[in-house]
Each structure stands twice: as C-alpha cells, then as structure tokens.
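Trainee: coords below, sequence missing:
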C-alpha cells in the first residue's frame, strides 16, 4: 500500500484579483466611496497572509495604495474642540471628494501589514 502525498493547496486569487480590479479600475470606487471602504477593509484583513502580499506586489498594487495615502495625508487639517470640550480633527480639502477617515485607517493598516511581511 503506497502512501499518497498530498500537495499543498495553491492559493486561489480569483476573489483577490476581482477586489483589486474593483478598487483600482471601477468608476464607482472613488476616494472615500463605500465600495472603496469595503475593498480596503477586505484587503487589509487578507494581507495578513504572505501569499496575498506577494500577489499585491505582483499586481503593482503598492503604487495605488501609496497614492491614496498621499492624497489622504496632503489635506489641510485643523484641530477644533466642540462645546463638549472633546477635540475632533476637521479636515479640509480643495477637492470635492475628500478621503474618508475609514479609508485612511484601513489603507495605513494594509501598508503596515505589507511592511511586516517583508
């Protein structure tokens, strides 16, 4: 009776490829949009796997991600305190489509996961 060695399953990146297509190429996935927020959240969670990070590099996603983070951090920011005394960060931007803070949070966490993998 011979042993049957099983090959490790190769990662299937169909879903990951579709998410990258949506976030980088679809018109409705613009800065701060709900689809962009969901795609960034999914990518950030998936990026804990090194195979996923390798795929992101292969697909040149890092350039897109850095561009988004640059947009998000190039805004003028002022710190204000409302009546309750709690400080909030108000961001102003000359463009009508500002980057949602959710996108900044998940994009920076995604970048941290990518750096951690290398």
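Mentor: It's in. In this text the structure is predicted, and so the values were computed from the model without any measurement.
Trainee: hey, let's count contacts and neighbours off CA atoms from now on
Mentor: OK.
Trainee: so where's this structure uncertain?
Mentor: 1-11, 75-98 (pLDDT under 70).
Trainee: Apply 90 and report the result again.
Mentor: 1-12, 30-32, 70-100, 117-118 (pLDDT under 90).
Trainee: Strands of that one, start to end?
Mentor: 76-80, 88-92 (DSSP state E).
Trainee: Could you tell me how many residues sit around the nearest residue to residue 50 once chain neighbours are set aside?
Mentor: Leaving out its chain neighbours, the residue that sits closest to residue 50 by Cα to Cα, 6 or more residues apart in numbering is residue 117, at 6.0 Å. Neighbour count for residue 117, taken as other Cα atoms under 10 Å: 15.
Trainee: which of the residues in the longest helix that the chain contains are buried?
Mentor: Longest helix in the chain, counting residues (DSSP state H): helix 101-117. Using 16 or more other Cα atoms under 10 Å as the burial criterion, the residues of helix 101-117 that qualify are 102-104, 106-111, 113-114.
Trainee: same deal with stretch 15-27?
Mentor: 16, 19-20, 22-24.
Trainee: how about the helices in this protein?
Mentor: Taking DSSP H as the criterion, the chain carries its helices at 14-25, 34-46, 50-58, 61-73, 101-117.
Trainee: what's the fourth one in contact with?
Mentor: When contacts are defined by Cα atoms under 8 Å, 6 or more residues apart in numbering, helix 61-73 is touched by residues 20, 24, 31, 56, 98-99, 104, 107-108, 111.
Trainee: separation between residue 26 and residue 66?
Mentor: Distance of residue 26 to residue 66, computed by Cα to Cα, to the nearest Å: 18 Å.
Trainee: got it, and residue 117?
Mentor: For residue 117, the distance to residue 66 (Cα to Cα) stands at 17 Å.
Trainee: on that earlier part again, list the neighbours of the longest helix of the chain that are in contact with it.
Mentor: 32, 36-37, 40-41, 43-45, 47-48, 50, 53, 65, 68-69, 72.
Trainee: Drop anything exposed from these.
Mentor: 32, 36-37, 40-41, 43-44, 47-48, 53, 65, 68-69, 72.
Trainee: Rebuild these as CSV, extending it with distance to residue 12.
Mentor: Formatted as CSV, these follow (distance: Cα to Cα, whole Å):
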residue, distance to residue 12
32, 28
36, 22
37, 23
40, 19
41, 19
43, 15
44, 17
47, 14
48, 16
53, 14
65, 22
68, 27
69, 28
72, 32
